[in-house]
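# Got a predicted model here, sequence first, then my questions.
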Amino acid sequence: RKEVEQDPGPFNVPEGATVAFNCTYSNSASQSFFWYRQDCRKEPKLLMSVYSSGNEDGRFTAQLNRASQYISLLIRDSKLSDSATYLCVVNEGSARQLTFGSGTQLTVLP
Amino acid sequence: GAGVSQSPSNKVTEKGKDVELRCDPISGHTALYWYRQRLGQGLEFLIYFQGNSAPDKSGLPSDRFSAERTGESVSTLTIQRTQQEDSAVYLCASSLSTGGRGTQYFGPGTRLTVL
């Protein structure tokens, strides 16, 4: 079983739509959680951290459910510029520091 | 300030040759990471440096791969006797703090093609 699992997509949505991505992690001792964004042929960049109480940054909302070992990312009013691959990232508490999911590909269509 | 830089940006080599990839982290970042990303796939952890020491080398795929870091700055990833399956983008990241709490800042990567 993969340590961090994501639906690879692709998700193709029209501009203005709301889209949600899910991620599950296997290590219950995981401590920190993040969403990174990777544009085509570019390096990953931090989108937002995920806090236990859930957190929002503009159109983006992240949720964490420790009991179910589940993380989500909600994008409201999607823009063309949101098209990218979204990586779920978990700190398992090991020396490896961060474990990356394989990513969910999003394409926002005009 | 300058971000993480990597060189070369692209490297094409023949099977069996050795290659050396370089990473310059953000100044002051003590943690440095190497990842590999094959086409259409996720990031594969290779090795992590805390200062000049490498507490976790568990991701290195074989003994053909080695990495070092000097002066708590520049790191080099060396692949000996390259194979076609080594073709990938090699990404370096650095972080101010350890324990997975620090944001990792990635370089643009080195795209390695082994013919």
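Yep, that arrived.
# packing partners for the helix or strand of chain B with the lowest mean pLDDT?
Least confident helix or strand of chain B, by mean pLDDT, DSSP states H and E, is strand B:53-56 with a mean of 83. Helices and strands touching strand B:53-56, by 3 or more Cβ pairs under 8 Å, 6 or more residues apart in numbering or on different chains; DSSP states H and E, are strand B:43-50. Every C-beta, even on glycine, is put in place using the N, C-alpha and C of the backbone.
# Report how many residues lie close to the residue nearest to residue A:70 when sequence neighbours are not counted.
Distances taken as Cβ to Cβ, 6 or more residues apart in numbering or on different chains put residue A:24 closest to residue A:70, at 5.4 Å, once the chain neighbours are dropped. Residue A:24: 19 surrounding residues under other Cβ atoms under 10 Å in any protein chain shown.
# what helix or strand is the closest residue in space to residue B:45 that isn't next to it in sequence on?
Spatial nearest neighbour of residue B:45, chain neighbours left out: residue B:59 (4.1 Å); criterion: Cβ to Cβ, 6+ apart. Using DSSP states H and E, residue B:59 falls within no helix or strand.
# tally of neighbours for residue B:59?
Neighbour tally, residue B:59, other Cβ under 10 Å: 16.
# On the pLDDT front, check it for me.
At residue B:59, the model reports a pLDDT of 88.
# Which residues does the residue nearest to residue A:70 form beta bridges with?
Beta-bridge pairing for residue A:24 (DSSP bridges): residue A:5, residue A:70.
# State the distance from residue B:64 to chain A.
To chain A, residue B:64 is 21 Å away according to Cβ to the nearest Cβ, to the nearest Å.
# contacting residues for that residue?
B:79-83 (Cβ atoms under 8 Å, 6 or more residues apart in numbering or on different chains).
# what pairs with the least confident helix or strand of chain B, and is each one parallel or antiparallel?
Going by DSSP bridges, the partners of strand B:53-56 are strand B:43-50 (antiparallel).
# Listing request: residues of chain B with sub-threshold pLDDT.
Scanning chain B for pLDDT under 70 picks out B:1, B:97-102.
# who in it is up against chain A?
By the rule Cβ under 8 Å from any Cβ of the partner chain, the part of chain B lying against chain A is B:31, B:33, B:35, B:41-43, B:45, B:48, B:55-56, B:58-59, B:91, B:95, B:98-101, B:103-109.
# Mind checking which of these are buried?
B:31, B:33, B:35, B:42-43, B:45, B:48, B:56, B:59, B:91, B:95, B:100, B:104-109 (16 or more other Cβ atoms under 10 Å in any protein chain shown).
# I figured the residue nearest to residue B:45 hits residue B:33, correct?
No - with contact defined as Cβ atoms under 8 Å, residue B:59 does not count as touching residue B:33 (9.5 Å).
# what touches both of the two?
B:45-47.
# ok, now which ones touch the closest residue to residue B:18 other than its chain neighbours?
Among residues not flanking residue B:18 along the chain, residue B:80 sits closest, at 4.8 Å (Cβ to Cβ, 6+ apart). Counting by Cβ under 8 Å, 6+ apart, residue B:80 touches B:18, B:64-66.
# show me where the chain has strands.
Assuming you mean chain A. A:4-6, A:11-14, A:19-25, A:32-38, A:44-50, A:55-57, A:60-65, A:70-75, A:84-91, A:99-100, A:104-109 (DSSP state E).
# not what I meant, chain B
Using DSSP E, strands in chain B cover B:5-7, B:10-13, B:19-24, B:31-37, B:43-50, B:53-56, B:65-69, B:75-79, B:88-95, B:105-106, B:110-114.
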